[in-house]
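[1] The sequence and its predicted three-dimensional model are supplied below.
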Amino acid sequence: MNAVVDKAVTAVIEGVENIDFKMVAFSLAGKDYSIDIMKVREISKATRFTYVPNSLPYVRGVYNLRGDIISIIDLRTMFNLPSVKSEKNESDEIIILRLDNYLLGVIVDSIDKVVGISSSSIQPPHPIFGDINIKFIQGVVEKDNKLYIILDVESIFGLDAENVEVIPSQYTPKAVYAENKPEEINMGFISETLRTFSKFTVTDLNNRWVEHRFEEWKTLKGNNSEDLQLHSERDSEEFLSRFYSVDTGRFWSEDYRNIVSSLLENNSSGTLRVWNPGCGKGYETYSLAVLLSEKFKEASIKIWANDKDLMSISNAPNLALDKQNLPEYMDKHIVSVNSKSQFNQKIKDIVLFEYHDITHPNTFPAVDIIVARDVLSFLAYSEQLRMITEFQDKLVPDGLLIIGQNEELPGNDWKKIKSNSITAYRKIV
């Protein structure tokens, strides 16, 4: 028997597997996780980080790693997992990740060891791992009587997405000039200036409305090319003034509330989870909270409401109310606190307001309803596509999505609901 055959036989006899994948194992909230060692630069410990004002809740700060200033992310906070508060001067366990040209530190409960496995033994992720969104899991593997959840760190931190904005070519000035049609030239520059002044991105999501509004705009301003252009943020906002959904920036009227109510199906699970991105000062969120608390009296209701306007989201939990301007249906949910009118504790407990940019990872569980009115149009094209996919991932089967009344989802992945003043869809099962 030659040496090669002898070695192979010995490996089979001893049960040695083909180790072609190594991972750094660690624990989070009592479960075993791991990261591909090729994504890990080193492991470290630290006791002190430099705080960064107005950062996301899971950003612990920045850290000087031998001259490299890196962000430190607390994975437990990011994934809404319980964590034990560190004692004073106790070091945090940190895994330093190498992602493309970036370094990033993540805090975990404890770092175990480097584990070698055969890549063929990695199984695809399963919804049973409900603590973390399944799209952030690369796979699962069993080794030495432990079940390791392998995290896909590039998906978690969004580094697999394109960094360059991709605007459909038909809306770029170069493409418009190539056609050399006056109406298209003006339409092209309207699209470009809307993006410049208002961060409004013209795509299939809203193109029908923009084209209709442009025809109105020509009637209003005349056909002179100079007069048609948007020269300032004020011009841009005037153009968009009719874009926004009914009752934007105020509590929902009784009529609008009834329309939304008609879209809500009976809930038999006993729980109702809702996501309200772009909640602003909270008027829409509280309107929704009151509606749901009355329609589903026995359900346990939770609304995750977030916005990247720090001032608005900071004031939303204790929004001061003017009773004279409140819709009548809200009266029974209002109490007086220190001579000021506020929503009662039951309504407040329904809502969790968070400062958050929705294009960053959204780590809460699957939801039954998403209310994202007029949010998508103010994202870059690539971000619009990514958020539509995110909505698909977050919604339960047959879940309800409400977007801006002048927006429409492209493609055939959704079932559109016909309703006045509302553009709504259900996720196709």
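    That came through, no problem. Numbering: from 1, shown residues only.

[2] just the helices in the stretch 1-150 of the chain please.
    Taking DSSP state H, counting those that start in this stretch as the test, the helices found in the stretch 1-150 of the chain are 3-14, 75-78.

[3] At the geometric centre of this protein, which residue sits there?
    By Cα atoms, centre = their mean, the chain has its centre lying nearest to I358, at 3.4 Å.

[4] Distance of that residue relative to A424?
    19 Å (Cβ to Cβ, to the nearest Å). Where you see a C-beta, it was placed from the backbone N, CA and C, and this is true even at glycine.

[5] again with P397
    Taking Cβ to Cβ as the criterion, P397 is separated from A424 by 16 Å.

[6] which of the two has more neighbours?
    Comparing P397 with A424 by other Cβ atoms under 10 Å, the one with more neighbours is A424, at 20 against 9.

[7] partners of the more buried one in the sheet?
    Beta-bridge partners recorded for A424 (DSSP bridges): I402, I417.

[8] what kind of secondary structure is the nearest residue to N318 once chain neighbours are set aside in?
    The shortest distance from N318 to any residue that is not its chain neighbour, by Cβ to Cβ, 6 or more residues apart in numbering, is 6.5 Å, and that residue is Q342. Here Q342 is strand, with the state taken from DSSP: H, G, I helix; E, B strand; the rest coil.

[9] among the helices of the stretch 1-150 of the chain, where is the model least confident on average?
    The stretch with the lowest mean pLDDT among the helices of the stretch 1-150 of the chain is helix 3-14, which comes in at a mean of 41.

[10] Please save the CA atoms from the longest helix along the chain in PDB.
    If you go by DSSP state H, the chain has its longest helix at helix 182-198. Coordinates of the C-alpha atoms in helix 182-198 are reproduced here as PDB (Å, rounded to 0.1, in the frame of the first residue of the first chain):
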ATOM      1  CA  PRO A 182     -37.700  69.800 -25.800                       C
ATOM      2  CA  GLU A 183     -40.200  68.200 -23.600                       C
ATOM      3  CA  GLU A 184     -37.800  65.400 -22.600                       C
ATOM      4  CA  ILE A 185     -35.000  67.900 -22.000                       C
ATOM      5  CA  ASN A 186     -37.200  69.700 -19.500                       C
ATOM      6  CA  MET A 187     -38.400  66.500 -18.000                       C
ATOM      7  CA  GLY A 188     -34.900  65.200 -17.600                       C
ATOM      8  CA  PHE A 189     -33.700  68.400 -15.900                       C
ATOM      9  CA  ILE A 190     -36.800  68.400 -13.600                       C
ATOM     10  CA  SER A 191     -35.800  64.900 -12.500                       C
ATOM     11  CA  GLU A 192     -32.200  65.900 -11.900                       C
ATOM     12  CA  THR A 193     -33.100  69.000 -10.000                       C
ATOM     13  CA  LEU A 194     -35.600  67.200  -7.800                       C
ATOM     14  CA  ARG A 195     -32.900  64.900  -6.800                       C
ATOM     15  CA  THR A 196     -30.500  67.800  -6.200                       C
ATOM     16  CA  PHE A 197     -32.700  70.000  -4.100                       C
ATOM     17  CA  SER A 198     -35.100  67.600  -2.500                       C
END
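
[11] Fine, thanks again, bye for now.
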